[in-house]
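Enquirer: have a look; sequence and predicted model below, questions after that.
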Amino acid sequence: MQAVLGDAPAGSDLKVVRGPGTNGLVQVLRLRRNIFDEAAGLRTEFGDLALLKAFGIKIVYAQGPEAADVILANRDRAYASGPAWEYLIGPFFRRGLMLLDFDEHHEHKRIMQQAFTPANLKGYMDVMMPGIRERIAGWPVSDNAQMYGRFKELTLDLALDVFVGMQLTESEAAKINRAFIDAVRAGSALIRKPVPGLRWKKGLTARKVLEDFFFSKIGEKRRQGGSDLFAVMCSVETEDGIRFSDEDVVNHMIFLLMAAHDTSTTTMTTMAYYLAKNPEWQDRVRQQSQQLGDDLAYDRLGDLTGLDWCMKESLRLCGPVPGIPRRAVRDTELLGHHIPANTTVVISTLTNHYIPEYWPEPTAFDPERFSPERREDKIHRLAWEPFGGGVHRCIGLHFAGMQIKAIYHELLQHYQWSVPSTYEWPLDVSALPVPRDGLPVKLTRIPSMNR
Ligand code: HEM
């Protein structure tokens, strides 16, 4: 029997959102098993909005850029981000920017934007480059290099340079890395109670470790300054002189670490997969990097056009944030449907990028979609939405692009990698998308580039 979301207000011509009425657990399992087919099936049967039961609540599963546009533009201020994300990550990442709403969010974003100006991005790149060169140069060749693990470790190490920007002892660095991993993993805990030894409890402990760490260093950071993100977050202010308090800096730093980490790791892994499956593209982007040469300056990043298209196409094929949740804070209307207050709405960003009306041959890796001649993303302003949209649009998108391109520029010049032609990665979409097998590739050094 179909499920129905509430009643449309008397006298209105709004429709009600309907769904398959499937048991919540079965629904989650079906989405996990094949989210693309499941989403396409729901859209055929129910249109852009379908009512699902999952994670113990009713969810309006919103597909297509039209729905995303209304929800993210949020013109009638009917949707809040904080209460929707709170359930997933609230206890570990509280008062991060994405968990704030409306006027308070606006004020904090205005300050934080000052930390992501081109001048500051250039500073972060200068801090990051030596570490990228050194660490990539040390990558061992292997017939079975697990790319996901390598990128994860690399971004964690770089985060200490560019986010924290302090010389830490080995044990201090290990402790922070551990805490950070535990905090990120806690969000996907199945048992969402502080049971000793389990993920949720470890996440709470990790939050405390990270808070203590940042609070203990903030005085020194404020005095010393620097080009790393922690130092910049301590000093940024709006034109009218509004700054972050110590508590704000600590809350935002912990959130930023999380927001930057898995997302970039997933994007780089996806790029590695598609560039291994499409060696002609790997050669093409390698040539561009070789022409540009070793010393990549911030203002030359724009020259890496092929790499930019490959990154965008990888973000389309496997968006690291597969869904964007919002909570309706009052009754509202969405594409002619009634959405009652307190409803959770989830924009299906991962599967939206596979809708054939917007993306011809959606499963094909075709980076030239993003070339100036084609610009297939222009078909709708939210057709390509890996960074979200509206007021909560990712503040770190240029940071991410810079870091990913800088790493790939290094990698391409010194290594090549391949997978057997029959290989298809086993993608796990139960949380952020990751390849279950870690993406094993044959990684070899390019002889002429031996260091
Ligand atoms: C490829 C990498 C990345 C992807 C795909 C990505 C994706 C996203 C998405 C989809 C959102 C919007 C969530 C929502 O509306 O609920 C978001 C928000 C955010 N991201 Fe990213 N992100 C990436 C990298 C980064 C990096 C590197 C940073 C920081 C250095 C960062 C910081 C943030 C912050 C602070 C927000 C909250 C913005 C707000 O609420 O106003 N992200 N990101």
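Expert: Cool, got the structure. Residues are numbered from 1 along each chain as shown.

Enquirer: residues in contact with the one residue in the stretch 301-450 of the chain that gets nearest to the ligand?
Expert: Residue nearest to the ligand within the stretch 301-450 of the chain (CB to the nearest ligand atom): Gly396, separated by 2.1 Å. In this view, the C-beta of every residue, glycine as well, is placed from N, C-alpha and C. Shown in contact with Gly396 (CB atoms under 8 Å, 6 or more residues apart in numbering): Phe116, Leu256, Ala259, Ala260.

Enquirer: neighbours of the last one, how many?
Expert: Ala260 has 21 neighbours, counted by other CB atoms under 10 Å.

Enquirer: now it. Its backbone dihedrals?
Expert: phi -90, psi -20 (degrees, to the nearest 10).

Enquirer: likewise for Ala186?
Expert: phi -60, psi -30.

Enquirer: buried residues, stretch 185-197. List them.
Expert: Arg185, Ala186, Gly187, Ala189, Arg192, Pro194 (16 or more other CB atoms under 10 Å).

Enquirer: is it true that the fifth one touches Gly203?
Expert: No - counting by CB atoms under 8 Å, Arg192 sits too far from Gly203 to count as a contact (9.8 Å).

Enquirer: wasn't Val60 part of a strand?
Expert: Yes - looking at Val60 with DSSP: H, G, I helix; E, B strand; the rest coil, it is inside a strand.

Enquirer: which residue, neighbours along the chain excluded, lies closest to it?
Expert: Leaving aside its chain neighbours, Val60 sits nearest to Val345 (4.5 Å; criterion: CB to CB, 6 or more residues apart in numbering).

Enquirer: quick one: contacts for the one you found?
Expert: By CB under 8 Å, 6+ apart, the contact list for Val345 reads Ile59, Val60, Ala62, Ile71, Tyr79, Ala84, Pro325, Arg326, Arg327, Ala328, Leu334, Ile339.

Enquirer: pLDDT wise, what is the fifth one at?
Expert: As summarised for this prediction, Tyr79 has a pLDDT of 98.

Enquirer: then Gly131?
Expert: Looking at Gly131, the pLDDT reads 95.

Enquirer: so what pLDDT did the residue lying closest to it once chain neighbours are set aside get?
Expert: Distances taken as CB to CB, 6+ apart put Asp161 closest to Gly131, at 4.7 Å, once the chain neighbours are dropped. As predicted, Asp161 sits at a pLDDT of 91.

Enquirer: from the ligand, how far out is Asp161?
Expert: 13 Å (CB to the nearest ligand atom, to the nearest Å).

Enquirer: which SS state does that residue fall under?
Expert: Applying three-state DSSP: Asp161 is helix.

Enquirer: tell me how far it lies from Ser227.
Expert: 10 Å (CB to CB, to the nearest Å).

Enquirer: residues in contact with the least confident helix or strand in the chain by mean pLDDT?
Expert: Ranked by mean pLDDT, DSSP states H and E, the weakest helix or strand in the chain is helix 24-33, scoring a mean of 84. Here helix 24-33 makes contact (CB under 8 Å, 6+ apart) with Pro20, Thr22, Glu38, Ala39, Leu52, Lys53, Ala54, Phe55, Gly56, Asp428, Val429, Ser430.

Enquirer: tell me which residues in it are buried?
Expert: So, applying 16+ other CB under 10 Å, buried residues of helix 24-33: Gln27, Val28, Arg30, Leu31.
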